[in-house]
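Colleague: Sequence below, structure please.
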Amino acid sequence: MYDGSVIIVHHMKLSAIAAALEVRLENGSPDTEISGLNGIDQAGPGELTFVSNPKYAAAARSTRASAVIVGEDFPAISAAMLRAKDPYLAFARALELFHRPLAYAAGVHPTAVVHGSARVGANAHIGPYVVISEDVEIGANAVLLAHVVIYRGAKIGDGFFAHAHSVVRENCLIGNNVLLQNGVVIGADGFGFAKTAGGRWHKIPQPAPVVIGDDVEVQANSCIDRASVGDTRIGRGVKVDNLVQVGHGSQVGEDALLCSQVGLAGSSEIGKRVILTGQVGVVGHCKVGDDAIVTPQSGVAHDIPAGAIVSGAPAVEHKLWLKYSALLPKLPEMVRALRGKKDKE
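Modeller: Residues are numbered from 1 along each chain as shown. Next comes the predicted model:
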């Protein structure tokens with residue numbers, strides 16, 4: 001038995017939204033019908049929006065939206081307000097109310113290939129041209145969409161969701177409630193080559209698997225490589241953006257964020273709750289401490305202490321980098337002044 005998917009769209013009263021989000025309704029009718037959500041500038045009647053950044057306060061006063069999610073101390077406006085401690089998080093939860101995920105019926109598509117030794121839990125949805133190899137174990141309520149490939153010996157927990165063309169390589173271990181977006185590759189060979197006496201590159205075997213904890217999401221076309229020795233580990237709750245490369249043997253701590261085009265060289269160690277923003281590069285064997293933030297396009301070439309905010313290439317303390325940046329436009333003038341002073345001497 002195989003079936004397609006459905007999406008559910010909701011209309012809700014403001015009172016029901018307030019109750020679901022556990023926020024306070026102010027200055028509006030509880031019976032107002034909300035049919036969707038939109039940005040502060042685009043929202044119109046029947047829609048809900050939010051303000052979390054003070055620079056949008058003026059837009060909130062003129063918005064056509066029926067209701068606005070605002071902070072506890074946000075000034076009153078003419079539209080109905082849902083007061084929340086964290087408006088951004090409340091808006092995210094409101095989106096979940098109106099945009100439920102697609103539901104996939106249990107069943108195996110006739111074109112799927114599932115090895116007889118594979119064990120797949122209850123209520124699995126196995127889509128067209130999926131391949132599940134020998135000795136694979138997958139928990140309950142899995143969804144594997146078209147062309148997903150699971151190599152031999154992979155072990156995957158409950159609630160696994162793999163979008164089309166994602167791949168899990170041999171012997172990798174994946175926890176519960178892991179989401180792979182399109183084109184993700186978990187456990188491809190690490191980039192390991194030894195130079196021979198003749199100047200050629202000899203491939204180093206990469207047998208050690210990738211180990212991924214619970215509640216991890218890896219977004220489109222990102223790659224997490226296996227290692228020659230020592231597992232590559234992704235901690236619980238880590239979120240990996242599009243086009244990210246995690247090199248062999250790297251360790252990423254719980255709840256870290258790796259934003260678009262981040263690159264971790266082999267054996268990088270990323271602490272808990274670290275945020276690596278867009279296009280950050282980390283040199284192999286470097287350690288980034290817990291709760292550190294690395295700003296866009298920075299290059300980490302040495303260890304970063306816990307809680308630090310760093311910028312630049314090589315990355316330095318953010319306030320120092322701001323001083324560097326302020327001086328850069330003045331460098332030609334400073335050079336001319338120094339040369340003039342030298343000529344006078």
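Colleague: Tell me the bridge partners for the nearest residue to V300 once chain neighbours are set aside.
Modeller: Spatially, and ignoring its direct neighbours in sequence, V300 is nearest to V282 (4.4 Å; CB to CB, 6 or more residues apart in numbering). C-beta coordinates here come from the backbone N, C-alpha and C atoms, glycine included. Here V282 sits in beta bridges with L264, V300, as judged by DSSP bridges.
Colleague: Please report the number of neighbouring residues for V282.
Modeller: Neighbourhood size, V282 [other CB atoms under 10 Å]: 27.
Colleague: what's it in contact with, if anything?
Modeller: Neighbouring residues of V282 by CB atoms under 8 Å, 6 or more residues apart in numbering: V262, G263, L264, A265, S268, I270, L276, V288, V300.
Colleague: want to try CSV for those residues, with neighbour count as columns?
Modeller: Shown next, in CSV, are the contacts of V282 (neighbours: other CB atoms under 10 Å):
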residue, neighbour count
V262, 24
G263, 18
L264, 30
A265, 19
S268, 25
I270, 31
L276, 29
V288, 29
V300, 24
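Colleague: V51: which of those residues is nearest?
Modeller: Comparing those against V51 with CB to CB picks out L276 as the nearest, at 28.0 Å.
Colleague: Contacts for the longest helix belonging to the chain, please.
Modeller: Longest helix in the chain, counting residues (DSSP state H): helix 331-344. Where contact means CB under 8 Å, 6+ apart, the residues beyond helix 331-344 that reach it are L327.
Colleague: Convert the C-alpha atoms of that helix to CSV, please.
Modeller: What follows is helix 331-344, C-alpha atoms only, in CSV (Å, rounded to 0.1, in the frame of the first residue of the first chain):
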residue,chain,number,x,y,z
LEU,A,331,45.4,53.8,5.5
PRO,A,332,46.3,55.6,2.2
GLU,A,333,46.1,59.0,4.0
MET,A,334,48.2,57.7,6.8
VAL,A,335,50.8,56.3,4.4
ARG,A,336,51.0,59.7,2.6
ALA,A,337,51.4,61.5,5.9
LEU,A,338,54.2,59.1,7.0
ARG,A,339,56.0,59.4,3.7
GLY,A,340,55.8,63.2,3.9
LYS,A,341,57.2,63.2,7.4
LYS,A,342,60.0,61.0,6.3
ASP,A,343,60.9,63.2,3.3
LYS,A,344,61.1,66.2,5.6
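Colleague: and it, how far from the chain's centre?
Modeller: Taking the mean of its C-alpha atoms, helix 331-344 sits 48 Å from the chain's own mean (CA atoms, centre = their mean, to the nearest Å).
Colleague: same question, stretch 277-293
Modeller: That offset, for stretch 277-293, works out to 15 Å (CA atoms, centre = their mean).
Colleague: Now do the buried residues in that stretch.
Modeller: For stretch 277-293, a neighbour-count test (16 or more other CB atoms under 10 Å) marks 277, 280-283, 286-293 as buried.
Colleague: How about stretch 13-20?
Modeller: Applying 16+ other CB under 10 Å to stretch 13-20 flags L14, A16, I17, A18 as buried.
Colleague: List every C-alpha atom in it, with coordinates, as CSV.
Modeller: Output in CSV follows, covering the C-alpha atoms of stretch 13-20 (Å, rounded to 0.1, in the frame of the first residue of the first chain):
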residue,chain,number,x,y,z
LYS,A,13,-9.7,32.9,15.9
LEU,A,14,-7.3,35.3,17.7
SER,A,15,-8.4,33.8,21.0
ALA,A,16,-7.4,30.3,19.9
ILE,A,17,-4.1,31.5,18.7
ALA,A,18,-3.4,33.4,21.9
ALA,A,19,-4.3,30.2,23.9
ALA,A,20,-2.1,28.0,21.7
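Colleague: contact partners of that stretch?
Modeller: So stretch 13-20 is contacted by 12, 24-25, 28-34, 48, 66-67, 80, 82, 93-94, 97 (CB under 8 Å, 6+ apart).
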